[in-house]
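**Student:** My questions concern the predicted model and sequence given below.
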Amino acid sequence: MTDTDTQAAVREQVRARYAAAAQAVTGGGEASCCGPAGEVIEVDERFGAGLYDPASTEDLPEEAVLASLGCGNPIAVADLHEGERVLDLGSGGGIDVLLSARRVGPAGFAYGVDMTDEMLELARANAAKAGATNVEFRKGAIEELPLDDASVDVVISNCVVNLSTDKPAALAETFRVLTPGGRIGISDVVAADDVSLAERARRGSYVGCIAGALSRSEYLEGLAAAGFTDASVTFTHQVAPGLHDAIVRATKPAEVSAPAAGLCCAPAEAATCCEPSAKASCCGAEATPSARVASSCGCRS
Ligand SMILES: C[S@@+](CC[C@H](N)C(=O)[O-])C[C@H]1O[C@@H](n2cnc3c(N)ncnc32)[C@H](O)[C@@H]1O
């Protein structure tokens, strides 16, 4: 088996696991999911709806609450504001999208992306029941997001990055769809740095959100490699020995809008700006007499 085959096989196990969880709720039961016991545990206070203030979920459709399979409350983490555009990675039955939509109001919008058809169907039904009009659930993988570049202000996620079989791609895609200055507020299972990959696998399954967990250092390195700044990973409570529910925050740097010294343009535009033929139109009020000299570079010399 190649690495690609292995990744595809693991992803299929994840999809099947969460399709079954969605069907359990649609059939009138309660979803069960993540946990340290190797396979599946019933949702308890460490996972699912128990992590939310009951008052915040009481007017949501019951199926959205029953389908909650997260390991935190990213709405509390992300500090959402009116008018913001939010994306939830691995939106499941839609609880965090519906709560986000309420928080950002009619001027804002909440997207959910999930790869599992049964979860998408459940989430769309929950949105219809809730009467939410500023939400949309899209089918897709978090490693290849079906959203345009710089199209959302905030990315949230609840116990999903650990399930990704290509975490660098998931973090790079998250960076791509965020607007400059945008932020992430993610809940995830994260390992202590001294817990090896083999130990993580012994302490719980991949589909149970344990074996695929990054360590804190791996998370911070992955965020930095994707381009994020101001990253932090804060453990909240232990879910298995050495494995913790954690809050992950980071920022996509705002674009450099101020011109670099000696140039009238942002670095990306400098090549054309410095062409003598472009100086008159591109420098505008920035032009100095010396900059108009064809041989000088930039608008302000
Ligand atoms: C543990 S559940 C969490 C669901 C939801 N965030 C919540 O808090 O209830 C994981 C969800 O992520 C989805 N998922 C897992 N890996 C994914 C991937 N690589 N791309 C898209 N969705 C994924 C699953 O289909 C499932 O709905």
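**Tutor:** Good, I have the coordinates.
**Student:** Neighbours of residue 233, how many?
**Tutor:** 21 (other CB atoms under 10 Å). In short, each C-beta sits where N, CA and C put it, glycine included.
**Student:** Surely it is in a helix?
**Tutor:** No - Residue 233: not assigned to a helix; according to DSSP: H, G, I helix; E, B strand; the rest coil it is strand.
**Student:** I'd like the distance from stretch 234-243 to the chain centre, please.
**Tutor:** Relative to its chain's centre, stretch 234-243 lies at 20 Å (CA atoms, centre = their mean, to the nearest Å).
**Student:** which residues sit against that stretch?
**Tutor:** 34-36, 46-47, 71-72, 189-192, 194-195, 199-200, 203-204, 210, 213, 216, 244-249 (CB atoms under 8 Å, 6 or more residues apart in numbering).
**Student:** do the same with stretch 140-154
**Tutor:** Residues outside stretch 140-154 that contact it (CB under 8 Å, 6+ apart): 11, 78, 80, 84-87, 89-90, 111, 113-115, 138-139, 157, 160-161, 164-166, 169-170, 173-174, 176-180, 182-185.
**Student:** just to revisit the earlier point, drop anything exposed from the contacts of stretch 234-243.
**Tutor:** Buried by 16 or more other CB atoms under 10 Å: 34-36, 46-47, 71-72, 189-192, 195, 200, 203-204, 210, 213, 216, 244-249, out of these.
**Student:** Could you list the buried residues of stretch 78-95?
**Tutor:** 78, 80, 84-95.
**Student:** Spell out, range by range, the strands that occur in the stretch 101-250 of the chain.
**Tutor:** Along the stretch 101-250 of the chain, the stretches classed as strands by DSSP state E, counting those that start in this stretch are 109-114, 135-139, 152-158, 178-191, 214-215, 229-240, 243-251.
**Student:** With respect to the ligand, which of those lies nearest?
**Tutor:** Ranking these by proximity to the ligand (CB to the nearest ligand atom) places strand 152-158 first, at 3.4 Å.
**Student:** okay, the strands of the stretch 101-250 of the chain in CSV with mean pLDDT and distance to the ligand next?
**Tutor:** Below are the strands of the stretch 101-250 of the chain laid out as CSV (pLDDT from 0 to 100; distance: least, CB to the nearest ligand atom, whole Å):
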stretch, mean pLDDT, distance to the ligand
strand 109-114, 98, 5
strand 135-139, 98, 9
strand 152-158, 98, 3
strand 178-191, 97, 8
strand 214-215, 98, 14
strand 229-240, 96, 12
strand 243-251, 97, 12
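**Student:** Nearest approach to residue 23 belongs to which of these?
**Tutor:** Closest approach to residue 23 among these (CB to CB): strand 109-114, 14.3 Å.
**Student:** which one is residue 85 nearest to, not counting chain neighbours?
**Tutor:** With sequence-adjacent residues excluded and distances taken as CB to CB, 6 or more residues apart in numbering, residue 85 is closest to residue 152, at 4.5 Å.
**Student:** Would you mind trimming the buried residues of stretch 78-95 to those in range of the ligand?
**Tutor:** Here is what survives when the buried residues of stretch 78-95 are matched to the ligand using CB under 6 Å from any ligand atom: 90-93, 95.
**Student:** Taking strand 109-114 as reference, get the angle to the top helix by length along the chain.
**Tutor:** If you go by DSSP state H, the chain has its longest helix at helix 3-26. Angle between the axes of helix 3-26 and strand 109-114 is 120 degrees (criterion: axes from the mean of the first three to the mean of the last three CA atoms, to 10 degrees).
**Student:** Going forward, the N-terminal residue is numbered 305.
**Tutor:** Got it, the first residue is 305 from now on, which makes the last one we talked about helix 307-330.
**Student:** What is helix 307-330 packed up against?
**Tutor:** Packing partners of helix 307-330 (3 or more CB pairs under 8 Å, 6 or more residues apart in numbering; DSSP states H and E): strand 336-337, helix 366-370, helix 421-434.
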